[in-house]
Structures are given as structure tokens and as C-alpha cells.
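Visitor: got a predicted structure here, sequence first:
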Amino acid sequence: MSSPRSNKPKIVNGPGGYILQDVPHLIDYLPDLPTYPNPLQDNPAYSVVKQYFVHADDSVPEKVVVHKDGPRGVHFRRAGPRQKVYFESDEVHACIVTCGGLCPGLNTVIREIVSSLSYMYGVKRILGIDGGYRGFYAKNTIPLNSKVVNDIHKRGGTIIGTSRGGHDTNKIVDSIQDRGINQVYIIGGDGTQRGASVIFEEIRRRRLKVAVVGIPKTIDNDIPVIDKSFGFDTAVEEAQRAINAAHVEAESNENGIGFVKLMGRYSGYIAMYATLASRDVDCCLIPESPFYLEGEGGLFEFIERRLKDHGHMVIVLAEGAGQDLMCKSMESTPMDASGNKLLKDVGLWLSQSIKDHFKKNKMVMNLKYIDPTYMIRAVPSNASDNVYCTLLAQSAVHGAMAGYTGYTSGLVNGRQTYIPFYRITETQNNVVITDRMWARLLSSTNQPSFLGPKDTSEEKKELPETPLLDDGAVDIPPVTKEVTK
Ligand SMILES: Nc1ncnc2c1ncn2[C@@H]1O[C@H](COP(=O)(O)OP(=O)(O)O)[C@@H](O)[C@H]1O
Ligand SMILES: O=P(O)(O)OC[C@H]1O[C@](O)(COP(=O)(O)O)[C@@H](O)[C@@H]1O
Ligand SMILES: [Mg+2]
């Protein structure tokens, strides 16, 4: 048996510095697969659409801001239905699994994968894998059809369950092979996509006709390349309720402080966007922006000043912020089942530190601590996230039917694309505190940056003046992408 052609990334170079970071295809290692006409061509809803099928050469640029003479840069394959498919409807046996933490919209994605497979492609066999990766080998499966998923988008959580840990590649692929599954839809965050990538590698090594598709899920918005993750809007919206309550409490008490802790292990996007959306927040603390408590320019000094000027204030804290202040040695931090660091509760610690500071200095202060962390991710997705989930799911299904595999379905510059796994797993999306978006936040809250002149000048020194394109010519720090366009 000859080995698969190549495990190397598929890169296509074109004129003007055009680069296509392409995704694998089943024919890369199964070259003789037959094709079939796409059943959508007979579907009355689509047959009237002009150019419904995506052209093979369509691609989407990773960066839309370019310089006049700059290279065209990195592109991704445009998602959507293809004229030819590599699976017959009766042949498809699909499965869906959700892994990692919850996120609004999980049920919508499940619903829309099932609907797309059954309504668009006439697929009848779809399984839900119960409880994350370990469900492949340690639990039962849940048969899914349009009836079962009919109104699940109105509920938070995931009807097929989720878990951390339990990723055993061989057992998972054995289970896929034994059950005769040939399309695997894997919904989850950075850890999940890493897991999907190794499942895909093993499937390719075994030369199975199985498409492996990732759908990015992250409440923290820490997945690179994509514009933003589904459920993020909903989470930001839900966070407003906590911030509003914090503001009401703060306003009504003498020297009131409303203190809200939000999610965000390594990426402070939820805190940043919730702050920008609210306008009631006086200080936003995120993992990417170090801060200190005591002395000139510190947090305590700022709180005292803001209370003196306004009589109340609201602080929003991302759970990953200030961890270094709380526990000096992070080496001994325990891990969760997936290998993520288990964070200490910085919210409780910081609110107590603020209380202690005011008590020590005999100043009146009323702090109300609100921790809505799980509430913001357990809600059903809002209207715009529901639309987003639908498009993501449809794109994922079109790609698998067209024989693409080893990809994550994602929105890039407002367009649905297929992104190779390595681009999703190689870096993390973080708030860049030297970017304009963080500056916008600082100017909206008027909080100190907590950076000395030395910190900013050193950061600036490393940044190229115009970091526009990943053309290899400039060393751009990982992930400088803003969420909004
Ligand atoms: N490097 C990895 N290789 C294989 N599986 C992984 C890897 N990292 C995480 N996983 C698996 O992915 C699943 C979800 O990961 P986790 O980090 O908990 O959540 P998320 O995907 O939301 O980031 C878990 O079942 C975990 O075992
Ligand atoms: O308590 P759990 O379920 O482990 O989840 C907590 C973590 O989940 C998150 O929401 C993100 O998790 P994911 O990586 O699974 O998306 C973090 O913000 C938070 O630290
Ligand atoms: Mg994660």
C-alpha cells in the first residue's frame, strides 16, 4: 500500500504574491474516488440561484487592508456547494460531536448540520456522539434527524453533551471505522480542533474515505484567523445584564463599586467588548494587559480617584487577568482534564484586596461582586448568532460533501471559508494591547494603561510600522486581528 501523497500543508502560489493555504481533499490520498452530480442542482430552492455553485478558483483573502504595491497575501478556499460531490446521499453516515466548554449556539450548529445533511443532500444516517471525544468509545450514540433537532436552537447547552479530556485518537478512529462513519463534524474550541487535526491525520494514515470537519466554538474568542466565533455576540449581550446590575448597585451606594467577573482564560475579548458595549464601565482588566495594585499609577490609586470624581464605579475583570499577582508561581497550577490551567478565582481575591485597601485607609466604600461567568455561556444564541451558526453549519456540510477534509469551517472577512487545521491550532487569538481596539477601550473608560513608558516603547520597537500581510517579509507578532470589521 503506497503512503498518502504528502502530509505537508497544501500551498498554492500565484502571481502578485498570491498564496492559497488550501485544505486537504479525499482524493489527495484516494485518487480514484468517483464523483456524483450535486443533488442541489435539482433542488427548487437552489436551482434558480445564479451561480449557486462555488467556482473552484474562488478564494478569500486573510487580510483585507493592503498597501497599493504590497503582495496579495494569504487566501483561503471559499466555502459553499460544489458542482460535483464525492458522496452519494445513501452512502453518507455522519456523526456530530461537541467538546470543551459550553457556548451559545451549539444546539443551533447541531440543528443546522442535521438539516443541511437531510434537506439539502438527502442524508438519512446521522449520529450524535454522546459527551465529547470520549463518547466515541465510552458512551452510546444518539440518532439525530430533523424531528429530534427541530427546536433545539431555542435551548442553551448541547443536546449531545460535552466533556474535557478523553481524547484517545486510536480508539476514536477505531470507533469511526467500526461504525462505518464517513463524515465527522467536530464542534469545539482550540483544544478540540487540535484533537480534530490528529483524528484527521490518523484517518489519512489509514486511508479511510472519511471527511473530518471542524467547526470553531469558543466563548473566549481565542481562535485565530476567523472574524469571531459563534456565540460571542450573545455572550457579550448577556454580560450587559450583569454590568447593568453592577452599575445600579454602584450608583445607589456611597462610594459604590460594581465588580463583574467575566470569562476569558487567556483572551480578554468578552470583557473588552462588554465594556465597549456598556459605556458604564470605568475599568476593564484583561489577561493581556498586566496591572498592579499599589503605588502611583496602580489600580488602587485609580479607584480612589474615580470614586472621588464620580462617587461610584464599575470594574469588569476577565477571569485570566491578574493571575500573576495572586499566585507568584504559576508552575504548580493544576490542570483540567484537557490540560488547560485551572485558574484561581481572581474576582474574589481582587474584590477582597480592594476592600482591605479601603479598610486599611479608613475610607468608606461599598463593593458588590457579581460573577455571571457561566450564565453568559449557558444561554441560547441570539438572532444574529443563530444566522451565523446556520451559515457555518451549511458551509461545513457543503465542504464534506465536496470531498474536502481536514479543515475548519470559518468566517474570514465576512465570507465563509475552509481553513486548514494548522492555521487554527498554531496560534491563539489575543487582544493586542498596542492595537487600536484596546486604545478605543482605554479612551472610553479613561482608565490607566498600567504600562510604563518602557513597556510601550519596547513593544513598539518590535512591531513593524505597517504589519499588514503575513508574507514572510516581516515578523508579525502572533494574531493581531481585530474582531470587528
Ligand atoms: N492537543 C490535543 N490533542 C488531542 N486532543 C486534544 C488536545 N487538546 C485538547 N484536546 C481534546 O479536545 C477536547 C476539548 O478541549 P478543551 O481544551 O477542553 O476545550 P476547547 O476545545 O473548547 O478548547 C478535550 O476532549 C481534549 O481532550
Ligand atoms: O469550568 P469549565 O467548564 O472548565 O469552563 C471554564 C472555562 O471555559 C471557558 O469558557 C473557555 O473554554 P473553552 O476553551 O472550552 O472554550 C473559559 O473562559 C473558562 O475558563
Ligand atoms: Mg479552549
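Guide: That came through, no problem. Numbers count the residues shown, from 1 in each chain. Ligands and ions are numbered 1, 2, ... in the order given.
Visitor: could you verify my assumption that S409 touches F421?
Guide: No: counting by Cβ atoms under 8 Å, S409 does not reach F421; the two are 11.4 Å apart. For every residue, glycine as well, the C-beta is placed using N, CA and C.
Visitor: shared neighbours, those two?
Guide: G214 (Cβ atoms under 8 Å, 6 or more residues apart in numbering).
Visitor: of those two, who's got more company?
Guide: Looking at S409 and F421 with other Cβ atoms under 10 Å, you find the greater number of neighbours at S409, namely 28 against 24.
Visitor: quick check: that one is in a strand.
Guide: Yes: assigned with DSSP: H, G, I helix; E, B strand; the rest coil, S409 falls within a strand.
Visitor: list the buried residues for stretch 169-180?
Guide: 172-173, 175-176 (16 or more other Cβ atoms under 10 Å).
Visitor: out of those residues, list just those in helices.
Guide: The helices, defined by DSSP state H, take in 172-173, 175-176 from the buried residues of stretch 169-180.
Visitor: output stretch 336-343 as PDB, nothing but the C-alphas.
Guide: Taking Å, rounded to 0.1, in the frame of the first residue of the first chain, the C-alpha atoms of stretch 336-343 are listed here in PDB:
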ATOM      1  CA  ASP A 336      -8.300  20.400  33.900                       C
ATOM      2  CA  ALA A 337      -8.900  17.100  32.100                       C
ATOM      3  CA  SER A 338      -7.900  18.700  28.800                       C
ATOM      4  CA  GLY A 339      -4.600  20.200  30.100                       C
ATOM      5  CA  ASN A 340      -5.900  23.700  30.400                       C
ATOM      6  CA  LYS A 341      -4.600  25.600  33.500                       C
ATOM      7  CA  LEU A 342      -7.300  25.800  36.200                       C
ATOM      8  CA  LEU A 343      -7.400  29.400  37.200                       C
END
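Visitor: what parts of the stretch 351-485 of the chain come near ligand 2?
Guide: With Cβ under 6 Å from any ligand atom as the criterion, the stretch 351-485 of the chain meets ligand 2 at residues R377.
Visitor: which stretches of the stretch 351-485 of the chain have low pLDDT?
Guide: Residues of the stretch 351-485 of the chain that meet the criterion pLDDT under 70 lie in 452-485.
Visitor: near ligand 1, which residues of the stretch 101-250 of the chain?
Guide: 101, 132-133, 164-167, 188-192, 194-195, 198.
Visitor: I meant the stretch 301-450 of the chain, not that one.
Guide: Counting by Cβ under 6 Å from any ligand atom, the stretch 301-450 of the chain sits next to ligand 1 at 338, 340.
Visitor: output the below-cut-off pLDDT ranges for this protein.
Guide: For the chain (pLDDT under 70), the answer is 1-6, 328-332, 452-485.
Visitor: again, only this time at 90
Guide: Counting by pLDDT under 90, the chain shows low-confidence ranges at 1-8, 41-52, 66, 139-140, 324, 326-334, 341-344, 449-485.
Visitor: how is it carved up into domains?
Guide: 11-229+383-425, 232-328+343-379 (the TED database).
Visitor: nearest to P334, of those domains?
Guide: domain 232-328+343-379 (9.8 Å; Cβ to Cβ).
Visitor: touching ligand 3 at all, the closest one?
Guide: No: using Cβ under 5 Å from the ion, domain 232-328+343-379 stays clear of ligand 3, coming no nearer than 7.0 Å.
Visitor: show me the contacts for the residue of the stretch 351-485 of the chain found nearest ligand 2.
Guide: Closest to ligand 2 within the stretch 351-485 of the chain is R377: 5.8 Å, counting by Cβ to the nearest ligand atom. For R377, the contact set (Cβ under 8 Å, 6+ apart) comprises 101-104, 156, 219, 231, 235, 263.
Visitor: report the contact partners of the residue in the stretch 101-250 of the chain that ligand 2 sits nearest to.
Guide: Residue nearest to ligand 2 within the stretch 101-250 of the chain: G101 (3.1 Å; Cβ to the nearest ligand atom). The neighbours of G101, taking Cβ under 8 Å, 6+ apart as the test, are 162, 164, 189, 219, 377.
Visitor: most neighbours out of those, which is it?
Guide: I219 (28 neighbours).
Visitor: contacting residues around stretch 156-166?
Guide: Looking at stretch 156-166 with Cβ under 8 Å, 6+ apart, the contacting residues turn out to be 96-102, 104, 106-107, 110, 128-135, 138, 142, 144, 149, 152, 187-188, 191, 336-340, 377-380.
Visitor: with stretch 260-267 instead?
Guide: 219-222, 235, 239, 242-243, 246, 270-271, 274, 286-288, 314-321, 340-341, 343, 345-347, 369-373, 376-377, 428-431.
Visitor: can you flag the buried ones in those residues?
Guide: For these, buried by 16+ other Cβ under 10 Å: 219-222, 235, 239, 242-243, 246, 270-271, 274, 286-288, 314-321, 340, 343, 346-347, 369-373, 376-377, 428-431.
Visitor: let me see the ranges of the helices in the stretch 1-150 of the chain.
Guide: 44-47, 106-115, 121, 135-138 (DSSP state H, counting those that start in this stretch).
Visitor: tell me which of those helices sits most buried.
Guide: helix 106-115 (a mean of 26; mean count of other Cβ atoms under 10 Å).
Visitor: return the list of helices and strands in contact with that one.
Guide: Applying 3 or more Cβ pairs under 8 Å, 6 or more residues apart in numbering; DSSP states H and E, one finds that helix 106-115 contacts strand 93-98, strand 125-129, strand 183-188, helix 383-401.
Visitor: with only the CA atoms kept, save the shortest one in PDB.
Guide: The reference is to strand 125-129. Taking Å, rounded to 0.1, in the frame of the first residue of the first chain, the C-alpha atoms of strand 125-129 are listed here in PDB:
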ATOM      1  CA  ARG A 125     -27.900   8.400   8.900                       C
ATOM      2  CA  ILE A 126     -26.700  11.000  11.400                       C
ATOM      3  CA  LEU A 127     -25.400  10.200  14.800                       C
ATOM      4  CA  GLY A 128     -24.800  12.400  17.800                       C
ATOM      5  CA  ILE A 129     -21.700  11.300  19.800                       C
END
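Visitor: which other helices and strands does it contact?
Guide: strand 93-98, helix 106-115, strand 141-143.
Visitor: distance of A246 relative to I186?
Guide: 37 Å (Cβ to Cβ, to the nearest Å).
Visitor: what's around G157, how many residues?
Guide: 18.
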